[in-house]
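# Attaching a predicted model along with its sequence, questions to come.
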Amino acid sequence: MSEWLGRLLGPGRPEVTCDECFASLDRYVELELERSDADAQLPGMEAHLEGCPACREEHDLLLAFARDHGS
Amino acid sequence: MAAEVSQTNRLAGPAAGSRGQATSRPSDHESRDWLARLSSSGSERDAALAELHALLVGAARFALNRRVSQLGREGIADLAVQAANDALVSILDRLEEYRGESRFTTWAWKFAFYEACVAIRKRRWLGREVPVEDDGWDALAREAGPDRRVEQMELLDALHAAVDEALTPHQRRVFVALALNEVPVDVLAERLGTTRGALYKTLHEARGRLRAALAAQGLGPDAQG
């Protein structure tokens, strides 16, 4: 699927809501930093982050900051 | 996990999550110490609040400094403090929701990033009209088909028609603003008097309808064969 079409149509997979994403974001980021399979443990997060630019931006910042600050 | 995105009624900031409710004991000493100090009183609690606020300001600055090119430097420091203030209020309101599944600081930082990002988005769109008409189609046509490939243009035309025909007026308005014109969801939520969760649910449903409409014509990512 082309980038523009993916951006418009979203991931097309089951995904969590924005509120569920926020509730699990800290755990998800730490799993990523541990190189665990974060999406297997928190299903639907990866798809939501693919489809929601706002949650994605907050995820990317938290991941980068936690990595820099040794979380 | 929700296969369908459910509507939430968040008044300000993200609502409580649905995965688990009760606070459980964090496994690491530092997080247990944070909880104990924030649950104490007097000077010990005041010191913990000041320390936490400083951490939140640091996180908010990190977010804002990455957007300096879009925002300019003026007012950035105040914006970081305001985001930290708002984050601290949310954290204290929701301390019971901390489940100890991550370090306390990771849990706390996400509130600072949420508040900083919302502030950034709103500031970038201050005084700008939210495009709710089909402003983005021409730009999309340039992106989709710089070489005017037939199949890309056919897909784009079919998508445009599906947006006009398969969506409700509200779904069309939300899809055109968020997906086509990339208006930040928090900006649109504020203008429409609703929440990020409610708008994303509408977008999710619109995307489902559009995928189905395209698939019925043998087009798009869900087309058979």
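Thanks, I have it.

# For chain B, just list every one of the helices.
Assigned helices in chain B, in chain order: B:29-38, B:42-65, B:68-71, B:76-93, B:104-124, B:137-144, B:150-166, B:169-175, B:185-192, B:196-216 (criterion: DSSP state H).

# swap in chain A?
A:3-9, A:18-33, A:38-41, A:45-51, A:53-68.

# TSV please, covering these and showing mean pLDDT and mean neighbour count.
Heads up, the C-betas are built off the backbone N, CA and C, glycines and all. As requested, the helices of chain A are exported to TSV (pLDDT from 0 to 100; neighbours: other CB atoms under 10 Å in any protein chain shown):
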stretch	mean pLDDT	mean neighbour count
helix A:3-9	92	17
helix A:18-33	97	24
helix A:38-41	94	14
helix A:45-51	97	21
helix A:53-68	97	19
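
# closest to chain B out of these?
helix A:18-33 (1.8 Å; CB to the nearest CB).

# Quick one: list the elements packing against that closest one.
helix A:38-41, helix A:45-51, helix A:53-68, helix B:104-124, helix B:196-216 (3 or more CB pairs under 8 Å, 6 or more residues apart in numbering or on different chains; DSSP states H and E).

# Need those helices in CSV (columns: distance to residue B:65).
Formatted as CSV, those follow (distance: least, CB to CB, whole Å):
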stretch, distance to residue B:65
helix A:38-41, 27
helix A:45-51, 23
helix A:53-68, 11
helix B:104-124, 10
helix B:196-216, 24
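
# from the helices of chain B, which stretch is densest packed?
Greatest average neighbour count among the helices of chain B goes to helix B:104-124 (a mean of 24), per mean count of other CB atoms under 10 Å in any protein chain shown.

# CA-only coordinates of it, as PDB, when you get a sec.
Provided in PDB are the C-alpha atoms of helix B:104-124 (Å, rounded to 0.1, in the frame of the first residue of the first chain):
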ATOM      1  CA  PHE B 104       7.100   5.800  37.900                       C
ATOM      2  CA  THR B 105       9.100   8.300  35.900                       C
ATOM      3  CA  THR B 106       8.100   6.800  32.600                       C
ATOM      4  CA  TRP B 107       4.500   6.800  33.700                       C
ATOM      5  CA  ALA B 108       4.800  10.500  34.700                       C
ATOM      6  CA  TRP B 109       6.700  11.600  31.700                       C
ATOM      7  CA  LYS B 110       3.900  10.500  29.300                       C
ATOM      8  CA  PHE B 111       1.600  13.200  30.900                       C
ATOM      9  CA  ALA B 112       4.200  15.900  30.200                       C
ATOM     10  CA  PHE B 113       4.500  14.800  26.600                       C
ATOM     11  CA  TYR B 114       0.800  14.700  26.200                       C
ATOM     12  CA  GLU B 115       0.400  18.200  27.600                       C
ATOM     13  CA  ALA B 116       3.400  19.600  25.600                       C
ATOM     14  CA  CYS B 117       2.200  18.100  22.400                       C
ATOM     15  CA  VAL B 118      -1.300  19.400  22.800                       C
ATOM     16  CA  ALA B 119       0.100  22.800  23.500                       C
ATOM     17  CA  ILE B 120       2.300  22.700  20.400                       C
ATOM     18  CA  ARG B 121      -0.500  21.600  18.100                       C
ATOM     19  CA  LYS B 122      -2.800  24.300  19.400                       C
ATOM     20  CA  ARG B 123      -0.200  27.000  19.100                       C
ATOM     21  CA  ARG B 124       0.700  26.000  15.600                       C
END
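
# That one close to chain A?
Yes. Using CB under 8 Å from any CB of the partner chain, helix B:104-124 reaches chain A at B:105, B:106, B:107, B:109, B:110, B:113, B:114, B:116, B:117, B:121.
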